[in-house]
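> please work out how this folds:
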Amino acid sequence: MTTLLNERIETGDVIEIDRAGEMISALVLLASDDAVILDACDDSTPFVVRRSDLVDYRLFRPEFV
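Sure thing, here's the model as predicted:
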């Protein structure tokens with residue numbers, strides 16, 4: 001996965017990240033300058049990830065599908 005330098009994760013985006021060695025899709029519930037709150041939509045509790053820890057992710061943009 002690669003991240004473009006000008007990509008900006010925003011509230012409402014869907015991203016794919018590695019969590020505990022498994023690739024998951026997650027909905028961005030809230031995005032700030034420092035962190036994002038993600039919901040994996042799998043009945044688990046939403047979790048917080050610092051932006052500095054989001055090195056490898058894939059951002060889904062419906063206009064490019």
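> for the chain, which segments count as strands?
For the chain, the strands defined by DSSP state E occupy 14-19, 22-31, 35-39, 47-50, 57-60.
> please compute how far the last one lies from its chain's middle.
What that stands for is strand 57-60. Distance of strand 57-60 from its chain centroid, counting by CA atoms, centre = their mean, to the nearest Å, is 7 Å.
> rebuild the strands of the chain as CSV, extending it with mean neighbour count, distance to Arg8 and mean pLDDT.
For glycine as for every other residue, the C-beta is placed from the backbone atoms N, C-alpha and C. Formatted as CSV, the strands of the chain follow (neighbours: other CB atoms under 10 Å; distance: least, CB to CB, whole Å; pLDDT from 0 to 100):
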stretch, mean neighbour count, distance to Arg8, mean pLDDT
strand 14-19, 16, 12, 92
strand 22-31, 15, 8, 95
strand 35-39, 19, 11, 97
strand 47-50, 13, 15, 96
strand 57-60, 16, 9, 90
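> list the contacts for Arg51?
Arg51 makes contact with Ile9, Asp33, Asp34, Ala35, Val36, according to CB atoms under 8 Å, 6 or more residues apart in numbering.
> who touches the nearest residue to Leu29 once chain neighbours are set aside in this structure?
Setting aside the residues directly before and after it, Leu29 is nearest to Ile37 in space (CB to CB, 6 or more residues apart in numbering), at 4.5 Å. For Ile37, the contact set (CB under 8 Å, 6+ apart) comprises Val28, Leu29, Leu30, Ala31, Pro46, Phe47, Val48.
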